[in-house]
Structures are given as C-alpha cells and as structure tokens.
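[1] Predicted model follows, preceded by the sequence.
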Amino acid sequence: MDIFYSIVGFFATGGIFMYPILIVFAFGLAIAIERYVTLTRVTHKNQSVWDTIQPLLKKGEFDKARELTSKDSSTIAQVLSMGLAMQGAVRRREDIEIAMEESMMEIVPQLEKRTPYVAMASNIATLLGLLGTIMGLIQAFTAVANANPAEKADLLSASISVAMNTTAFGLMVAIPLLVTHTVLTSKTGQIVDSLEMATVKVLNVISTKARRQVEA
C-alpha cells in the first residue's frame, strides 16, 4: 500500500505534463498489444498452413495445394496462391516468382502497419518529459527570484526535484515502448523471412517437377 501511495504522490507532484505522458503510454500500449496479438496469430496460422501445404507440394499434388491456398486467408496462403495459380497456367519459374513477389509487396505493409507508432509514442514520451522538466525549472527559478534569500536554496532544490519527475516518468514510459517496438519489428521480420523461405521452397519444388517432366 505504501508503494501505491508513493506512485500516486510521484505522479501528483510531477505537474500537468504527467497526464499527456500517461495518454501517450496508453496509446502506445494499446497499439503494441494489438500488433503483438495479430503477429502471433499470423505466425501460428502460417505455420499451420505450411505444415499442410508442404507435403502436398513434395508429392507434386499442385491442384490440391492450389485449392487449399485459394480458400485460406492466411498471409502464406495468399502468397502461395498467387504462385500456384501462375504455375497452373504458364509453368515458367520467372512468372511464378514475379507473381509471389507482387503478393509479398502487398502483404508486408499490412504486417508492418501501426508498428512505427509504438516507437513514435516512445519518442513523444521522452520529449514531453523533458519539456515538463524545462517548464518546471522555469517556474522554479521565477518563484525563487522573489523568495527570501535564506529560503532560496531549499525552495530551488524542492522545485527542481518536482520538475525532474516528468523526465523520470517520460523515460519510464519510453523505455518499455522502445523495447516493445524492437520485439514487434523482430516478429514482423521473422514472418517476412518465413514467407520468403516458403516461396523459395515452392519455386524449387515446381522447377524440379517441371524439369523431371521435361526429361521424361
């Protein structure tokens, strides 16, 4: 309970800039949670779809794989669907590769959307903390200018201590948001890498099957 009162007291003595920092934290946290849940769901769904599609591709059952991907909404299914549809029409590796790259260009921005706002919230929290401290110091020196000389040192010390609360709170918000942004960026990168790996494997399987058909 003492910790709770200490936190409340710390927040209350920080001044008006504590509230915008808190709003920025809520904004960044909401986006971070939404992005983390979405990216985690995409990762699990992609893995599930790939585990189903890969055996069909190895067996050369492209029609079944094409049917499954066309009915699925996962990101990996969207990419592979474009490639498999092209494979059924032209069978040229270059055309299939271009089709899947085009699909990737549409999907990657969807995976990355809103994630930069988490980093932006971190930067804004830091700047608001510094701004609050500067404004607090200005007010402190203005008040001390007209104070009793004997009280100036104590009054200035107390005012500076209060003013520094906004910087501390801004950093307390900014650091977790910055770490979260790094985690989200890493998860997005892993998904993109897995999609690129899947496209390369599909292209290799299609090329191998086509070459065997020509040789036969």
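    Happy to help now that I have it.
[2] Figure out how far the longest helix belonging to the chain is from the centre of its chain.
    Longest helix in the chain, counting residues (DSSP state H): helix 149-215. Its chain's C-alpha centre and that of helix 149-215 lie 6 Å apart, by CA atoms, centre = their mean, to the nearest Å.
[3] and what of stretch 21-35?
    12 Å.
[4] who are the neighbours in contact with residue 31?
    114-115, 117-118, 121 (CB atoms under 8 Å, 6 or more residues apart in numbering). Backbone N, C-alpha and C define where each C-beta goes, glycine included.
[5] run the last query once more with 10 Å
    Residues in contact with residue 31, defined by CB atoms under 10 Å, 6 or more residues apart in numbering, are 113-118, 120-121, 177, 180-181, 184.
[6] swap in residue 62?
    56, 84, 87-88, 202, 205-206, 209.
[7] If you rank the residues you listed by neighbours, which is first?
    The member of the contacts of residue 62 that has the most neighbours, counting by other CB atoms under 10 Å, is residue 84 with 26 neighbours.
[8] Correct me if wrong: that residue contacts residue 72.
    No - applying CB atoms under 10 Å, one finds residue 84 not in contact with residue 72, separated by 11.7 Å.
[9] Next, show the common contact partners of the two.
    With CB under 10 Å, 6+ apart, residue 84 and residue 72 have common neighbours residue 53.
[10] Residue 103: what's its closest spatial neighbour, skipping adjacent residues?
    residue 82 (4.3 Å; CB to CB, 6 or more residues apart in numbering).
[11] tell me which element the one you found falls in.
    helix 75-89 (DSSP states H and E).
[12] Between helix 149-215 and that helix, find me the angle.
    30 degrees (axes from the mean of the first three to the mean of the last three CA atoms, to 10 degrees).
[13] still on that earlier bit, give me the packing partners of the longest helix of the chain, helices and strands only.
    helix 2-12, helix 18-58, helix 62-71, helix 75-89, helix 93-112, helix 115-145 (3 or more CB pairs under 10 Å, 6 or more residues apart in numbering; DSSP states H and E).
[14] what angle sits between that helix and helix 93-112?
    160 degrees.
[15] All good on my end, thank you.
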